[in-house]
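S.K.: Okay, here's the prediction I keep looking at, along with the sequence it came from:
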Amino acid sequence: MQEISSWTRCASALSLGLLVFSVALPAHAQRLTTSERAQLVRSGRVGAPAIDRVESEGRAPVLIVFRVPEAGPGGGERFRHPRHRHALASRGDALLGRFGAGEFELQRRFGAVNAVAGRVDARGLVRLANDPDVLRVDLDSGGSAHATEAVPLVGLDALQTAGLSGDGIQVAILDSGVDLSHTDLSDAVIAQECFCSDSGAGCCPNGNTTQSGAGSAQDDNGHGTNVAGIVTSNGTTAPLGGAPGAEIVAVKVLDHNANFCCSSDIVAGLDWIAVNRPDVDVVNMSLGTSVLFSGNCDTATSFTMSLAIAIDTLRANGVLSIVSAGNDGSGSLMSAPACVAGAISVGAVWDANVGSQTAHTCTDATTQADQVTCWSNSNASTDVFAPGGRLTSTALGGGSSTFRGTSQAAPLVTACVAALLENDPSLTADDLETVLETSSVLVTDTTNSLDFPRLACTASAPVPGLLPHATALLASGLAGAGAWAIGRSRRRGQPCNAFS
């Protein structure tokens, strides 16, 4: 696939990096007894894969979601309130303090997300199942990345002609990093961070699991560089990006193979943005878990719960998370975090007739503009489609690279959001979602016979929420707003599902 310690109580000191809270594990960790396994299953709070891993290996990497303390104001500002963050840290401290020697090895904690990640043994897992403060425990699931007619097809060239290039808009890209020396991107990166683990080892440029500052998001795969270029390439050696004036906050969460071992790395990246980068305007994640879900997945597992908490926290402060739907060719399933209700999930269409194409284990014998690719995931919860076939953009080491996937569709949507926000910074996350999903251009996924809006960022009629003099509007205008408002409500109302 080409796409792919102790905790301080001082709220001002939340660095959100890897915290050293390790306890030596016994050489031969105890296994679960039959009665303990039955107890874990009865609790309904521990995922079966976590139980199986502990039984087979003696310990398992897990993500634990605990109850949110009632402290500080409500809404999107709650996580910024010192009293709330104190209470969140205190509850996490109390949870960790109840473990016996060797039962749990902490790997990550967060400032805005009520969760902790680490490795647990049989005794620790039983303790968690009996802890009234624990909401859910699951394996800390891993995954991977999802990879020049596209820009004009969705109207981004018209926006640029109208003077809207995303100038001054900050886009956070969680990916394999960015080629920091690429002539098309070097002036766009304004901040960097890394949260990259690899089976306990670190895959940040410094060899650790966390890195901050200059050089921390240097790409070593190429996927992130391609994605960043689709958003904001200045067009010197590769094609011009959809929003060439946008600034990039690069967060490396994928390793040199464009994989991530643990969802907690993604959560850590989102958490760092929420707490440390309030100036970020939109987030792009061209990646997803290997575990797939039908419908919205917000409460399905501890890792989807954690992702949903982080995404909803950002959204409450006006920041949309744009996420690729995945390349499994499924008409019923999507990966996380695309399956989170508060995210904008993006499927892929072809942008032109490029003949027969084989990618991601399937073949489209014929292709044409707005034909859904055979490899794009979708279900009733998918929000929008955009071109994702054979997009040429910036490459690791300079020049250009060509990728195919929902990974390439997502940054086109992100570029559109950047242009819309430049035009009207007062647009809320809900306004932006309405604009993205209000399109007279509909595409049909033949695997499920569902219709979806295809991204369209050019003007033909006013859309509520945009400035009266806006030149960057969706092609459909008000005509399609009612139908897609109904459709969006239907999709958001889908029940959450467990492992699929």
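M.R.: Thanks, I have the structure now. These figures come from a predicted structure and were not determined experimentally.
S.K.: how about the strands in the stretch 251-400 of the chain?
M.R.: 259-260, 282-285, 287-289, 292-293, 320-324, 334-335, 344-349, 357-359, 362-364, 384-387, 391-394, 400-403 (DSSP state E, counting those that start in this stretch).
S.K.: Which secondary structure elements does the first one sit against?
M.R.: Right, strand 259-260. Contact analysis of strand 259-260 by 3 or more C-beta pairs under 8 Å, 6 or more residues apart in numbering; DSSP states H and E lists strand 143-145 as its packing neighbours. C-beta here means a position set from N, CA and C on the backbone, and glycine is covered the same way.
S.K.: what's the answer for the fifth one, then?
M.R.: For strand 320-324, the contact count by 3+ C-beta pairs under 8 Å, 6+ apart identifies strand 282-285, strand 287-289, helix 302-316, strand 344-349, helix 406-423, helix 429-437 as packing neighbours.
S.K.: can you pull the contacts of the residue nearest to Gln357 when sequence neighbours are not counted?
M.R.: Nearest residue to Gln357, sequence neighbours excluded (C-beta to C-beta, 6 or more residues apart in numbering): Asp364, at 5.1 Å. Contacts for Asp364 (C-beta atoms under 8 Å, 6 or more residues apart in numbering) come out as Trp350, Ser356, Gln357, Thr358, Gln371, Thr373, Cys374.
S.K.: hmm, back to that, reformat the strands of the stretch 251-400 of the chain as TSV; add distance to Val231 and mean pLDDT.
M.R.: Below are the strands of the stretch 251-400 of the chain laid out as TSV (distance: least, C-beta to C-beta, whole Å; pLDDT from 0 to 100):
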stretch	distance to Val231	mean pLDDT
strand 259-260	20	96
strand 282-285	7	98
strand 287-289	15	96
strand 292-293	26	97
strand 320-324	10	98
strand 334-335	21	96
strand 344-349	13	96
strand 357-359	22	81
strand 362-364	26	85
strand 384-387	12	94
strand 391-394	9	90
strand 400-403	14	88
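S.K.: out of those, which comes closest to Thr237?
M.R.: The minimum distance between Thr237 and those falls on strand 400-403, with 6.7 Å, by C-beta to C-beta.
S.K.: picking up where we left off before, select, out of the strands of the stretch 251-400 of the chain, the one closest to Asn114.
M.R.: For the strands of the stretch 251-400 of the chain, the distance to Asn114 is smallest for strand 320-324, at 18.3 Å, taking C-beta to C-beta.
S.K.: Give me the angle between that closest one and helix 406-423.
M.R.: Relative orientation of strand 320-324 versus helix 406-423 (axes from the mean of the first three to the mean of the last three C-alpha atoms, to 10 degrees): 160 degrees.
S.K.: mind listing what strand 320-324 pairs with, with the direction of each?
M.R.: Paired neighbours of strand 320-324 in the sheet (DSSP bridges): strand 282-285 (parallel), strand 344-349 (parallel).
S.K.: will you turn those into CSV that also has mean neighbour count?
M.R.: Output for the strands paired with strand 320-324, formatted as CSV (neighbours: other C-beta atoms under 10 Å):
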stretch, mean neighbour count
strand 282-285, 31
strand 344-349, 30
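S.K.: and of those, who's closest to Arg127?
M.R.: Using C-beta to C-beta, those put strand 282-285 closest to Arg127, at 33.0 Å.
S.K.: ok now the closest one, how far from the chain's centre?
M.R.: Distance of strand 282-285 from the chain centroid (C-alpha atoms, centre = their mean, to the nearest Å) equals 7 Å.
S.K.: next one: stretch 356-374
M.R.: Its chain's average C-alpha position is 25 Å from that of stretch 356-374, according to C-alpha atoms, centre = their mean.
S.K.: how about it: buried residues?
M.R.: Gln357, Ala359, His360, Asp364, Thr367, Ala369, Asp370, Gln371, Val372, Thr373, Cys374 (16 or more other C-beta atoms under 10 Å).
S.K.: between the residues you listed, which is closest to Leu450?
M.R.: When the buried residues of stretch 356-374 are compared for distance to Leu450 (C-beta to C-beta), Val372 wins out at 9.8 Å.
S.K.: Verify the stated contact: the closest one with Asn448.
M.R.: No - with contact defined as C-beta atoms under 8 Å, Val372 does not reach Asn448; the gap is 9.9 Å.
S.K.: shared neighbours of those two, which are they?
M.R.: Ser378.
S.K.: circling back: Gly142: which of the helices and strands packed on strand 320-324 is closest?
M.R.: The minimum distance between Gly142 and those falls on strand 287-289, with 7.0 Å, by C-beta to C-beta.
S.K.: can you redo the strands paired with strand 320-324 as CSV with distance to Asp431?
M.R.: As requested, these are exported to CSV (distance: least, C-beta to C-beta, whole Å):
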stretch, distance to Asp431
strand 282-285, 13
strand 344-349, 13
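S.K.: looking at these, which is closest to Glu437?
M.R.: When the strands paired with strand 320-324 are compared by C-beta to C-beta, strand 344-349 sits nearest Glu437, at 8.5 Å.
S.K.: Just the CA coordinates for the closest one, please, in CSV.
M.R.: What follows is strand 344-349, C-alpha atoms only, in CSV (Å, rounded to 0.1, in the frame of the first residue of the first chain):
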residue,chain,number,x,y,z
ILE,A,344,-15.5,14.3,8.0
SER,A,345,-14.9,11.0,6.3
VAL,A,346,-13.8,11.1,2.6
GLY,A,347,-14.1,8.5,-0.1
ALA,A,348,-12.4,8.5,-3.5
VAL,A,349,-13.5,9.0,-7.1
